[in-house]
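>>> I would like the atomic coordinates for the input below:
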Amino acid sequence: MNQHIDLRDLRLIRRLADNGSITAAAKQLHVTQSAASQRLASLQRRFELPLFERTDDGFAITAAGQVLYAAAQRIDQTLFQAFEQLHRLGAEGHGRLRVTTQCYTCYRWLPAVIASVQQRLPQMEIEVVAEATDEPYQALRGDRIDLAIVSDEALPEGYDYAPLFDDEFYAVLANDHPLAGQQSVDPVDFAEQNVIVYSGRRHAIVERVLAPAGVTPRKLTQVRITEAIVELARAGVGIAVLAGWAFADLPDRSGLRALRIGRHGFRRRWHAATRRGYQSLGQQSVISSLQQVGAQLGLGDWRQQLRCA
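Residues are numbered from 1 along each chain as shown. Predicted coordinates:
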């Protein structure tokens, strides 16, 4: 008799015994009713014993099924205790914390945040997951990261958010660009321009400024590296769109002008996103450090450096 059994078998037994319905059990296990029925049939063949009997009301567990049901309860309790221990380790500053950000510019200052946290929590291993940059929410949901730094205007439901800071986008262009003499640029000014932005599936300048105004730029050039974006703008290839702090942080801003986008500027708000209902000491420490960085990035004096407020 093949007595192999895995956690999926035990979860099916528990759900079916608790509900008495194969349909309800399948729904709770996120599988089809057919898949649940096939698993039950396979399990009963392996043990050569009926684990459930069909009744007018659904399924009733047998004595053999009760044996496996009790085992499933014990295993679930053991796993719960293990997860609790892991949670306590994370809460005490041990373990691993995986972080991503929705914008590549953040990787310029994120290492300093990580270094600050690791000074306070030397046992905490913090990993930057750059490949999750384009899909931070999916990565959170799939347990591939633990914290995402996001700037969406409409934040998806199902996550916990902590506000970090606001910052402002600027149009960066060469001093001899035809628009360089203006105090600011309006959405319509982008219509005939090559707009240079960071690589990615979504672009805030397009989604929040140009599209609502019915403006489509002549060309959208996507570049991953800040220095390359700046050099393209300096060469007069197009108009770059950068956060004010990213531009102010450049070692060489010669030959460039930064203009506000619209009379009142184009700002975005950053949040730290975590899975709902769970926040370890490591996550709290990263969030606190990000808020401190935000006091410098979002509320600092870089506007005066740009001389375009």
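>>> what's around the closest residue to Arg144 other than its chain neighbours, how many residues?
With sequence-adjacent residues excluded and distances taken as Cβ to Cβ, 6 or more residues apart in numbering, Arg144 is closest to Ala132, at 6.1 Å. The way it works is simple: take the backbone N, C-alpha and C, and place the C-beta from them, glycine included. Using other Cβ atoms under 10 Å, Ala132 has 21 other residues around it.
>>> where in the protein is pLDDT low?
Across the chain, the ranges flagged by pLDDT under 70 are 1-4, 80-95, 294-309.
>>> rerun at 50
1, 93, 298-309 (pLDDT under 50).
>>> Which strand in it has the most residues?
strand 159-174 (DSSP state E).
>>> Relative to that one, what are the paired strands and their orientations?
Using DSSP bridges, the strands paired with strand 159-174 are strand 239-243 (antiparallel), strand 256-261 (antiparallel), strand 266-275 (antiparallel).
>>> next helix or strand past it?
The helix or strand immediately downstream of strand 159-174 is strand 184-185, counting by DSSP states H and E.
>>> contacts for that next one?
Ala171, Leu179, Ile239, Leu259, Arg260, Ile261, Gly262, Arg263, Cys308 (Cβ atoms under 8 Å, 6 or more residues apart in numbering).
>>> This protein: strands as residue ranges?
Under DSSP E, the chain gives strands at 52-55, 58-61, 95-101, 124-128, 147-150, 159-174, 184-185, 194-198, 219-223, 239-243, 256-261, 266-275.
>>> out of those strands, which comes closest to Ala41?
Checking the strands of the chain against Ala41 by Cβ to Cβ gives strand 52-55 as the closest, at 10.4 Å.
>>> circling back: and the longest strand of the chain, what's buried?
Tyr159, Ala162, Leu164, Phe165, Asp167, Glu168, Phe169, Tyr170, Ala171, Val172, Leu173, Ala174 (16 or more other Cβ atoms under 10 Å).
>>> Identify whichever of the strands paired with strand 159-174 lies nearest to Arg45.
Closest among these, using Cβ to Cβ: strand 266-275, at 38.5 Å.
>>> if we can go back for a sec, would you mind telling me which of the strands of the chain is nearest Ser42?
strand 52-55 (13.3 Å).
>>> which helices and strands sit right next to the closest one?
Here strand 52-55 touches strand 58-61, going by 3 or more Cβ pairs under 8 Å, 6 or more residues apart in numbering; DSSP states H and E.
>>> Need the contact partners of the strand it packs on.
The contact list for strand 58-61 (Cβ under 8 Å, 6+ apart) reads Ile13, Leu16, Ala17, Asn19, Gly20, Ser21, Ile22, Leu51, Phe52, Glu53, Arg54, Tyr69.
>>> Just the buried ones from the residues you listed?
Applying 16+ other Cβ under 10 Å to these, the neighbour count classes Ile13, Leu16, Ala17, Asn19, Gly20, Ser21, Ile22, Leu51, Phe52, Tyr69 as buried.
>>> Spatially, what comes nearest to the fifth one if we skip its sequence neighbours?
Right, the one you point to is Gly20. In space, and not counting its chain neighbours, Gly20 is closest to Gly58: 4.0 Å by Cβ to Cβ, 6+ apart.
>>> Over to the third one?
Spatial nearest neighbour of Ala17, chain neighbours left out: Ile61 (4.6 Å); criterion: Cβ to Cβ, 6+ apart.
>>> Please name the bridge partners of that neighbour.
Under DSSP bridges, the beta-bridge partners of Ile61 are Phe52.
>>> can you tell me which residues contact the closest residue to Arg268 other than its chain neighbours?
Of all residues not flanking Arg268 in the chain, Ser151 sits nearest, at 4.7 Å (Cβ to Cβ, 6+ apart). Listed by Cβ under 8 Å, 6+ apart, the contact set of Ser151 reads Gln102, Cys103, Ala204, Arg268, Arg269, Trp270, His271.
>>> Leu242 versus the nearest residue to the fifth one once chain neighbours are set aside, what's the distance?
Spatial nearest neighbour of Arg269, chain neighbours left out: Asp166 (5.1 Å); criterion: Cβ to Cβ, 6+ apart. Taking Cβ to Cβ, to the nearest Å as the measure, Asp166 falls 16 Å from Leu242.
>>> and if you look at Arg120?
In this view, Arg120 and Leu242 are 31 Å apart by Cβ to Cβ.
>>> again, but for Arg208
Using Cβ to Cβ, one obtains 15 Å as the distance from Arg208 to Leu242.
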